[in-house]
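[1] Kindly generate the corresponding structure for this input.
(chains A and B)
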Amino acid sequence: MENFSEVLALFLSVDNFLAIAAGVLVGVVVGAIPGLTATMAVALALPFTFSMEPVTAILLLVGIYKGGMYGGSITAILIRTPGSPAAACTLLDGYPLAQQGKAKKALKTALYSSCVADMISNIALIFFAAYLAKIALNFGPPEYFWLICFSLTIIVSVSGDSVIKGLIAAGLGIIVSTVGLDAVYGTQRLTFDSYNLMDRVSFIPLLIGLFAIPEVIEFYTSKVLPHIRTAVSGASLTWKEFKGCLKSVVRGSIIGVIIGAIPGTGATSAAFISYSEAKRNSPRKANFGKGEIEGVAAAEAGNNGVAGATLIPLLSLGIPGDVITAIILGAFMIHGLTPGPVLFQENLTLVYALFCGILVSSVVLLVVGNAAIRYFSLIADIPKSILLPIVLMFCVYGAYAVNNNTFDIGLMLIFGVLGFIFNRTGVAAAPFLIGFILGPMFEDNLRRTLLISKGDPSIFFRGPIAWVFITLTVASLLFAIRRYWLSRQEASAA
Amino acid sequence: MEKSEINLSEVTERSYGRLNPNSVLGAILVLVAGIFLFYIAPTYINEPPSMQHPLLSPRFLPQLAGWLVLLLSLALLIEGLVRPPRHTAAEKLHEGIPVLRWVLMIASGAIYMLFFEELGAIGSGILVSVLLFLASDLRKVSIYLLAIVFPVVVSLLFVHLLNVPLPVGTLWE
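    A predicted model of the protein is given here:
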C-alpha cells in the first residue's frame, strides 16, 4: 500500500499526462503523414527528453510509439500507403472500404480495435513483465550471453528483403559500437585519436542520422510527386458492427501479445496471422479482401496487440523486441536506468508508474485518434517541401543538444548519408541499430563470463537456463533459415 | 534451348546493360571489409601487452564483425553475379533531378555542420530553411515567413521549455 501511494505520487503529475497526450498526438500525426514513420518520430523526440524526469521521458516515447502504430493505418486505409509495415495488412480491406465511400467506418474500426488490443497488451505487460524479471534475477553473465545471442537472431526478422544485407548491416553496426575506449583494458579502439570518439559514438546522432536524415536526402534527390489529397467520408461505425468484430479483435490481441513478447517477430507478422485467423473463422470469409470491416479490425488488433507486449522483454530482460523498443532502451540508458531484472528490484515504483502511464495511453489514443479522423485532411495535406526543412532543423538541434558539440551534427549527417545509401541499395537500417545496441552487451557478457571462469569455456553450458537460450537461439536460426529458403523459392517461382 | 539462352542474355544486356547493383555493393563492401581487417583494425585498435584469454582481446569483436561483413559481402557479390539485375519503378524517381535541388541540399548540410555555432541555431535555421524552400521551388512569399517563424519557435522551445542550450551565434555576440 505504501508502494502504491509512492507509485501514484510519481505518476500523478501534469507533466506525465501532458507527455502521454503529446506523445500519442505526435505519433498519430507522424504516422498519418506518408513517408514519415513512428521510428523517426521517436528518434527525433529523444533529445527533447533530456531535461525530463525518466518516467515522463519514457511515457512520451511510448505514447509516440502507440500513436504511430495507429497513425500508420490511416494512410493505409485512405491512400493505400501503409504508414508502417504492420499497417500493410490493414489496407487489404481498409482501402476497398474507403473506395466504397466507407472510409470513416474503416478508420473507426481501426481505432477501436487498436485501443482494445492496446489495452489487452498493456494488461499482459503488467502481469508478465514482473514474473519474467523475477526469473531473470537468476541469470548470470553466461545466461545473459546466450540471451543476447538469442536477441541477435532478431536481426534476421528486421532485415527486410535480404537477410545477407541485413547481417552485413548488423556487422557494420557492431563495428561502430566498438569505437571508443575499451571497457576492460582502457585502450583506444577505432578512435583515430579523436577526443570526440573516446566516449563511444553518440547514440542520438546515430539514431537521428539513420532514421530521419535519409528521408530528407531522398526527398531532395527525387522528383517532386503530385501531392495526394485525401478525404474522410461515409457513415460511422455502429456498436452492432463493432460487436460483430469483437471476437476477432480479442483473438488478434492475444496473437499480438504472444508474438510481441518474442523478440524480433514483429507487428507485421502478428497483423497477418490475426487477419488470416479472422478470415478462417469468419462467416463472411468470402468478403475478406473486398472491404470487410472484420478484416480491418483483425489486422489492427494484431499489430497493436504487439505494442505493449514488446515492452515485456525490454523491461524484464533488458533486450529490445524491435527497432522502436531499441530506441526506448537507449532512452532508459540516457536517463541512467538499465532495463532488466535489476530495474524491478531497484526502481519498482518507477516501473509501476510507467505501467500506469502506459494504461492511460490507450485511453488517450482513443481521444486523439477520434480527433485525428476528424482533422485528418489537415494533417496529411502538409506538403513535404515545408515539412522536411523543419524535420532537418529538429534533427540538427537534437544532435547538437547531446554534447553541445558540432561534431555530433557531422556524425549525424554521416550516418544520414549511410542511411540513404542503405535505402538506395536495399539494406535495412534496423539491423545496424540492433547490432550497435547489442554488440557491446554481447562483448560485455562474453568477457565477464570468461573472467569469472578464468577462461574455462564450459561455464557457457553450466545450467538449464543457458541451455534454454541455446535451444532458443538454434531454433530461431533454423526457423530463419527455413523462412529465407522458402522466400527464395517463392521469388524464383515468381 | 541454346538459342533461348542466347536470347535471354541479349535481352538482359539490351534492357539493363549494367552489373547487378548487389554485385557492385558486394565488391565495395569486400574492399571496405578487407581494408578494415588488414589495415584499420591492426593499426587503430591497441592491444594490451598481456591478456588472460584471446577472446578478451579488444580486437576480438571488431575483427569477428569484420570477417562476418567480408564473408557476407562475398556472398552478396556472387549472388549478384548469378542473378540478372532488375529495374525498379523507384529508380525512375531519381532520374533527371535538377542540379540546383541537390546542390542546395548539400549546402544546407554544410551550413549546419560548419557554421552552426557561428550563425547560431536561429540564424542557421533561417538560412537553411530558405535554401530548402528555394530547392523545392516554393514561390509564395508567405511560406518564406515560415522559414523565420519555425527556427525561432523551435529554438525557444528547446532553450526555454526543455532547458536544452543551443548556440546564439558567435557572429552576433
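
[2] what's near enough to touch A:V391?
    A:V391 sits next to A:36, A:40, A:44, A:212, A:215-216 when contact means Cβ atoms under 8 Å, 6 or more residues apart in numbering or on different chains. C-beta here means a position set from N, CA and C on the backbone, and glycine is covered the same way.

[3] neighbours around residue 20, how many?
    Since you didn't name a chain, this refers to chain A. Neighbour count of A:I20, defined by other Cβ atoms under 10 Å in any protein chain shown: 26.

[4] Let me rephrase: I mean chain B.
    19.

[5] With just CA atoms, put stretch A:172-190 into CSV.
    Taking C-alpha atoms only, stretch A:172-190 is exported to CSV below (Å, rounded to 0.1, in the frame of the first residue of the first chain):
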residue,chain,number,x,y,z
LEU,A,172,28.8,-2.8,-39.5
GLY,A,173,26.7,-1.7,-36.5
ILE,A,174,28.7,-3.9,-34.2
ILE,A,175,32.0,-2.4,-35.6
VAL,A,176,30.7,1.1,-35.0
SER,A,177,29.6,0.1,-31.5
THR,A,178,33.2,-0.8,-30.6
VAL,A,179,34.5,2.7,-31.2
GLY,A,180,35.9,4.3,-28.0
LEU,A,181,37.9,3.2,-25.1
ASP,A,182,37.9,-0.5,-24.3
ALA,A,183,35.9,-1.2,-21.2
VAL,A,184,38.4,-3.8,-19.8
TYR,A,185,41.8,-2.6,-20.8
GLY,A,186,41.2,1.1,-21.4
THR,A,187,43.0,1.0,-24.8
GLN,A,188,41.7,3.0,-27.8
ARG,A,189,39.6,1.3,-30.4
LEU,A,190,39.0,3.0,-33.7
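
[6] What is whichever helix in chain A runs longest packed up against?
    Taking DSSP state H as the criterion, chain A has its longest helix at helix A:103-136. Applying 3 or more Cβ pairs under 8 Å, 6 or more residues apart in numbering or on different chains; DSSP states H and E, we find helix A:103-136 packed against helix A:54-79, helix A:91-99, helix A:239-261, helix A:293-309, helix A:311-317, helix A:341-346, helix A:348-374.

[7] Give me the contacts around the fifth one.
    Counting by Cβ under 8 Å, 6+ apart, the neighbours of helix A:311-317 from elsewhere in the structure are A:62, A:124-125, A:128-133, A:136, A:147, A:260-263, A:319-321, A:325, A:328-329, A:339-341, A:343-344, A:351, A:354, A:358.

[8] Helices of chain B, residue ranges please.
    All helices of chain B, identified by DSSP H, fall at B:2-15, B:21-35, B:41-44, B:60-82, B:89-93, B:99-135, B:141-156.

[9] Make TSV from the ones you listed and add mean pLDDT, distance to A:V156 and mean neighbour count to it.
    What follows is the helices of chain B, written out as TSV (pLDDT from 0 to 100; distance: least, Cβ to Cβ, whole Å; neighbours: other Cβ atoms under 10 Å in any protein chain shown):
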stretch	mean pLDDT	distance to A:V156	mean neighbour count
helix B:2-15	42	31	10
helix B:21-35	92	18	18
helix B:41-44	92	26	14
helix B:60-82	92	13	19
helix B:89-93	59	24	11
helix B:99-135	91	34	19
helix B:141-156	88	39	15
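
[10] Just the buried ones out of the contacts of helix A:311-317, please.
    A:62, A:124-125, A:128-130, A:132-133, A:136, A:147, A:260-263, A:319-321, A:325, A:328-329, A:339-341, A:343-344, A:351, A:354, A:358 (16 or more other Cβ atoms under 10 Å in any protein chain shown).

[11] about what we covered before: which residues touch the following helix or strand past the longest helix of chain A?
    Following helix A:103-136 in sequence order, the next helix or strand is helix A:141-152 (DSSP states H and E). Here helix A:141-152 makes contact (Cβ under 8 Å, 6+ apart) with A:139, A:170, A:263-264, A:317, A:319-320, A:434-435, A:438, A:441-442, A:445-446, A:448-449, A:452, A:459-463, A:465-466, A:469-470, A:472-473, A:476.

[12] Now the element after helix A:141-152, going C-ward?
    In N-to-C order, the element after helix A:141-152 by DSSP H and E is helix A:154-157.

[13] and that following helix, what other elements does it pack with?
    Helices and strands touching helix A:154-157, by 3+ Cβ pairs under 8 Å, 6+ apart, are helix A:163-177, helix A:430-453, helix A:464-493.

[14] now do 7 Å
    helix A:163-177, helix A:430-453 (3 or more Cβ pairs under 7 Å, 6 or more residues apart in numbering or on different chains; DSSP states H and E).

[15] Tell me, how many residues neighbour A:Q489?
    Each residue near A:Q489 was counted by other Cβ under 10 Å, and the total is 10.

[16] same check, this time on A:F4
    When neighbours are counted by other Cβ under 10 Å, A:F4 registers 10.

[17] what helix or strand is it on?
    A:F4 is part of helix A:2-11 when elements are defined by DSSP H and E.

[18] any idea of the angle that helix forms with helix A:348-374?
    In terms of direction (axes from the mean of the first three to the mean of the last three Cα atoms, to 10 degrees), helix A:2-11 departs from helix A:348-374 by 40 degrees.

[19] what's in contact with helix A:2-11?
    Contact partners of helix A:2-11, identified using Cβ atoms under 7 Å, 6 or more residues apart in numbering or on different chains, comprise A:55, A:348-350, A:352-353, A:356-357.

[20] among the residues you listed, which ones are buried?
    Buried, going by 16+ other Cβ under 10 Å: A:55, A:349-350, A:352-353, A:356-357, out of the contacts of helix A:2-11.

[21] Can I get those residues in CSV including pLDDT and distance to chain B?
    Shown next, in CSV, are the buried ones among the contacts of helix A:2-11 (pLDDT from 0 to 100; distance: Cβ to the nearest Cβ, whole Å):
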residue, pLDDT, distance to chain B
A:V55, 90, 16
A:T349, 87, 25
A:L350, 89, 21
A:Y352, 89, 26
A:A353, 90, 21
A:C356, 91, 24
A:G357, 90, 19
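
[22] Pick out the most distant pair among those residues.
    Pairwise distances among the buried ones among the contacts of helix A:2-11 were taken by Cβ to Cβ; the largest, 12.7 Å, belongs to A:T349 and A:G357.

[23] Which neighbours do the two have in common?
    Listed contacts common to A:T349 and A:G357 are nil; contacts here mean Cβ under 7 Å, 6+ apart.

[24] per-residue confidence averaged over stretch A:481-494?
    Mean pLDDT, stretch A:481-494: 73.
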